[in-house]
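K.L.:
predicted structure and sequence below. I'll ask about it afterward.
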Amino acid sequence: MIGKRGLKRLLRAAFLLAAVALGAYALADQWPSVRGGLARLTPGVIAGSLAAVLAALAASMMTWRALLADLGSPLPVRPAARVFFVSQLGKYIPGSLWPVLAQMEMGRDLGVPRARSATAFFLSLPVYVATGLVLALVTVPGEQVYGYAWLLLPLLVLLHPRIVNGVLGLGLRLLRREPLERPLTFGGIGRAFLWAFAAWLLYGAHLGILVAGLGGAGPRAYVLSAGAFALAFCLGIVVIVAPAGAGVREAAMVAALAPVLGAGAALTAALCSRLIVTAGDLASAGIAALVARRRVRAAALPEPGSGDAPGGRPDSAPGDQAVHPH
């Protein structure tokens with residue numbers, strides 16, 4: 001009979017298996033449409049774009065970590081990275097709540113209350129959208145972005161510490177949950193904003209490298225790439241019915257990049273971007289999980305000369321002690 005702990009591990013394994021499988025399926029599904037476009041890009045361009053995506057994902061993790069710390073649960077970078085990157089694979093599973101559910105469960109293992117994990121997750125969304133729209137407003141010309149500018153005012157008002165703390169307090173009372181132990185501060189939200197801007201700029205670098213590889217050279221191409229990705233990604237967040245913003249991001253990106261690339265090359269850049277971002281999601285989760293597993297194993301091993309090595313104690317037979325990875 002499976003106990004509660006065994007069932008929990010089984011469910012986590014099922015989540016991870018489903019997320020990785022669907023992420024891999026997304027890569028395979030996108031491959032036929034991007035194969036020709038990738039053939040136009042050099043290996044250096046593809047590697048540089050992927051490196052920028054990994055850096056952008058790290059900045060996104062730091063955004064979430066800054067909010068979580070301000071709420072009272074500061075986490076070291078490596079455990080935070082494992083929770084964030086692995087949970088983000090949930091966005092490839094149909095439905096919009098898998099990432100936050102995964103963060104709540106994985107964060108609980110690190111002593112983070114579930115309500116606090118959920119609060120940090122949902123607060124990160126308006127932070128991303130607000131900073132992304134600001135970047136898009138100053139980089140993407142014309143009516144392509146002005147129609148969404150009205151979202152900025154309510155987002156910025158909502159993110160004022162006094163207002164957001166009041167809204168969170170009311171919500172927790174209605175849900176009959178304990179109130180926030182530590183209210184959000186200007187400093188915490190400000191740090192989250194700075195990391196979010198860094199993430200958008202790095203995502204812009206990822207797209208700008210692809211655009212340059214497809215013939216869109218010059219500073220204007222990079223500036224437009226940064227705004228195009230931010231606008232497209234924000235729309236992908238707002239339209240939550242599409243898994244990982246499927247289809248929505250590409251349409252917005254093509255419209256924004258067409259002035260510097262033309263419609264055909266802009267579509268190629270958008271499709272290649274989605275493939276590389278998907279690869280970055282899978283790679284970052286894999287790296288974070290691998291690093292965490294190695295640290296657990298290293299912590300379980302006895303220090304040299306301590307006399308605790310297997311067979312090292314006079315009263316124990318070789319092999320009596322075993323290392324059990326988490």
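P.N.:
Nice, I can see it.
K.L.:
ok, now which ones touch Glu181?
P.N.:
Listed by CB atoms under 8 Å, 6 or more residues apart in numbering, the contact partners of Glu181 are Gly72. Quick note: C-beta positions are derived from backbone N, CA and C, even for glycine.
K.L.:
check what pLDDT it gets.
P.N.:
Note for Glu181: predicted pLDDT of 78.
K.L.:
swap in the one 10 residues further on?
P.N.:
Reading off the confidence values, Arg191 has pLDDT 95.
K.L.:
can you tell me the closest non-neighbouring residue to it?
P.N.:
Closest residue to Arg191 apart from its sequence neighbours, by CB to CB, 6 or more residues apart in numbering: Ala66 at 4.2 Å.
K.L.:
ok, that neighbour to Ala52 distance?
P.N.:
Counting by CB to CB, to the nearest Å, the separation of Ala66 from Ala52 is 21 Å.
K.L.:
and the longest helix anywhere in the chain, what other elements does it pack with?
P.N.:
In the chain, with assignment by DSSP state H, the single longest helix is helix 263-300. Under the contact definition 3 or more CB pairs under 8 Å, 6 or more residues apart in numbering; DSSP states H and E, helix 263-300 sits against helix 4-39, helix 43-70, helix 77-88, helix 186-213, helix 248-261.
K.L.:
just the buried residues of the next helix or strand after the fourth one, please?
P.N.:
Past helix 186-213, heading to the C-terminal end, the next element that is a helix or strand (DSSP states H and E) is helix 219-238. Within helix 219-238, the residues scored as buried using 16 or more other CB atoms under 10 Å are 221-237.
K.L.:
what do you get for stretch 176-185?
P.N.:
Under the neighbour-count criterion of 16+ other CB under 10 Å, stretch 176-185 has Leu180, Pro183, Leu184 buried.
K.L.:
next: stretch 277-290.
P.N.:
Across stretch 277-290, burial judged by 16+ other CB under 10 Å covers Val277, Thr278, Ala279, Gly280, Asp281, Leu282, Ser284, Ala285, Ala288.
K.L.:
could I get those as a markdown table with distance to Tyr203 and pLDDT?
P.N.:
Output for these, formatted as a markdown table (distance: CB to CB, whole Å; pLDDT from 0 to 100):
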| residue | distance to Tyr203 | pLDDT |
| --- | --- | --- |
| Val277 | 8 | 92 |
| Thr278 | 13 | 90 |
| Ala279 | 14 | 92 |
| Gly280 | 10 | 92 |
| Asp281 | 13 | 90 |
| Leu282 | 17 | 90 |
| Ser284 | 13 | 90 |
| Ala285 | 18 | 88 |
| Ala288 | 19 | 84 |
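K.L.:
which one of the helices and strands packed on helix 263-300 lies nearest to Trp150?
P.N.:
Among those, the nearest to Trp150 by CB to CB is helix 248-261 (16.7 Å).
K.L.:
buried ones in the closest one?
P.N.:
By 16+ other CB under 10 Å, the buried positions in helix 248-261 come out as 248-250, 252-261.
K.L.:
most widely separated two among those?
P.N.:
With distances taken as CB to CB, the most widely separated pair in the buried residues of helix 248-261 is Val248 and Val260, at 21.1 Å.
K.L.:
from what I see, Ser284 and Phe85 are in contact.
P.N.:
Yes. If you go by CB atoms under 8 Å, Ser284 and Phe85 touch, sitting 4.4 Å apart.
K.L.:
okay, and the common contacts of these two?
P.N.:
Counting by CB under 8 Å, 6+ apart, the common neighbours of Ser284 and Phe85 are Leu57.
K.L.:
quick one on the thing from earlier: which of the helices and strands packed on helix 263-300 has the lowest average pLDDT?
P.N.:
Among the helices and strands packed on helix 263-300, helix 4-39 has the lowest mean pLDDT, at a mean of 72.
K.L.:
what about Leu267, neighbour count?
P.N.:
Residues lying near Leu267 (other CB atoms under 10 Å) number 19.
K.L.:
contact partners for Leu172?
P.N.:
Counting by CB under 8 Å, 6+ apart, Leu172 touches Ala115, Glu178, Pro179, Leu180.
K.L.:
still on that earlier bit, which one among the buried residues of stretch 176-185 gets closest to Gly216?
P.N.:
For the buried residues of stretch 176-185, the nearest to Gly216 is Leu184 (40.0 Å; CB to CB).
K.L.:
need the contact list for that closest one.
P.N.:
Applying CB under 8 Å, 6+ apart, the residues contacting Leu184 are Leu67, Asp70, Leu71, Leu123, Pro161, Val164, Asn165, Leu168.
K.L.:
for Leu123, same thing?
P.N.:
Listed by CB under 8 Å, 6+ apart, the contact partners of Leu123 are Leu67, Leu159, Val164, Leu184, Ala192.
K.L.:
surely the residue nearest to Arg191 touches Ala199?
P.N.:
No. With contact defined as CB under 8 Å, Ala66 does not reach Ala199; the gap is 11.7 Å.
K.L.:
from what I see, Phe229 and Leu201 are in contact.
P.N.:
No. Applying CB under 8 Å as the test, Phe229 and Leu201 come out as separate, 9.8 Å apart.
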